[in-house]
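Peer 1: Fold the following for me, if possible:
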Amino acid sequence: MQKYAHLGRLALVTVALTETALAGKFDNELEKLQKARDEAVAKATLPIDRKFKAELEALQRKVTSAGDLETALAIKKKIEVLEAAEKGFPLDDSVWKERHRTSTIHFKKGGSYLEEWERGPTKGTWERISTAEIRVMTGGRPTIFVLGEKGDTLTRPSDGLVWDIVKNKDK
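Peer 2: Below is the predicted model:
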């Protein structure tokens with residue numbers, strides 16, 4: 001029986017390799033379906049977002065006149081996030097290359113973050129906190145990134161490093 005034990009391991013390896021090859025075969029089709037879905041959702045939510053923004057602006061005027069500055073600032077940040085999306089600076093599925101080093105940043109749809117650099121990958125989450133600011137959480141620590149005016153540069157104020165956009169799903 002032990003004489004043929006290697007055949008069992010060989011069969012498992014063959015099955016695993018076949019499954020991996022088949023999984024890769026449909027990746028492009030899956031990506032196309034996901035992109036079509038995301039575009040349809042964006043198109044469908046546009047009127048909802050516009051109405052939401054108008055209602056936020058009305059509420060902001062009301063709370064400002066009532067002297068509730070803390071709530072007014074919270075509303076302002078929500079409006080800035082909506083405006084950033086309107087300006088065409090989406091971060092979902094964008095890739096950024098650092099100018100003077102080997103670092104590449106990926107902002108994935110759904111809020112996952114990946115930075116590839118010489119010490120290996122750093123994974124985390126990201127969220128837009130204003131029109132130009134992105135908060136990244138890695139290892140429980142927040143890092144702020146700032147988008148340039150045209151949306152084509154990304155700066156990390158803590159160390160002054162700058163990334164240029166390499167890929168954006170809309171560009």
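Peer 1: Poorly predicted segments of this protein, please.
Peer 2: 1-24, 27, 31, 34-36, 38-42, 84-89, 131, 168-171 (pLDDT under 70).
Peer 1: Quick check: the gap between Ala74 and Ile129.
Peer 2: According to Cβ to Cβ, to the nearest Å, Ala74 stands 11 Å off from Ile129. Bear in mind the C-beta positions are built from the backbone N, C-alpha and C, glycine included.
Peer 1: more neighbours, those two?
Peer 2: Set side by side, Ala74 and Ile129 show more neighbours around Ile129, with 15 against 12, by other Cβ atoms under 10 Å.
Peer 1: which residues does that one contact?
Peer 2: 77, 81, 135, 144 (Cβ atoms under 8 Å, 6 or more residues apart in numbering).
Peer 1: likewise Ile165?
Peer 2: 94-96, 151-154, 171.
Peer 1: Please indicate which of the residues you listed are buried?
Peer 2: Burial by neighbour count, judged by 16 or more other Cβ atoms under 10 Å, picks out 94-96, 151, 154 from the contacts of Ile165.
Peer 1: Identify the farthest-apart pair in the residues you listed.
Peer 2: The distance between the two most remote of those (Cβ to Cβ) is 13.8 Å, for Val95 and Gly151.
Peer 1: Tell me both backbone torsions, phi and psi, for Asp68.
Peer 2: phi -90, psi 80 (degrees, to the nearest 10).
Peer 1: show me what contacts Lys115?
Peer 2: Residue 115: Glu, not Lys. 103-106, 121-122, 138.
Peer 1: farthest-separated two in those residues?
Peer 2: Thr104 and Thr138 (14.8 Å).
Peer 1: Give the burial count for Lys76, as a bare number.
Peer 2: Neighbours of Lys76 (other Cβ under 10 Å): 16.
Peer 1: Please verify my assumption that it contacts Gln60.
Peer 2: Yes - Lys76 is in contact with Gln60 according to Cβ atoms under 8 Å; the separation is 6.5 Å.
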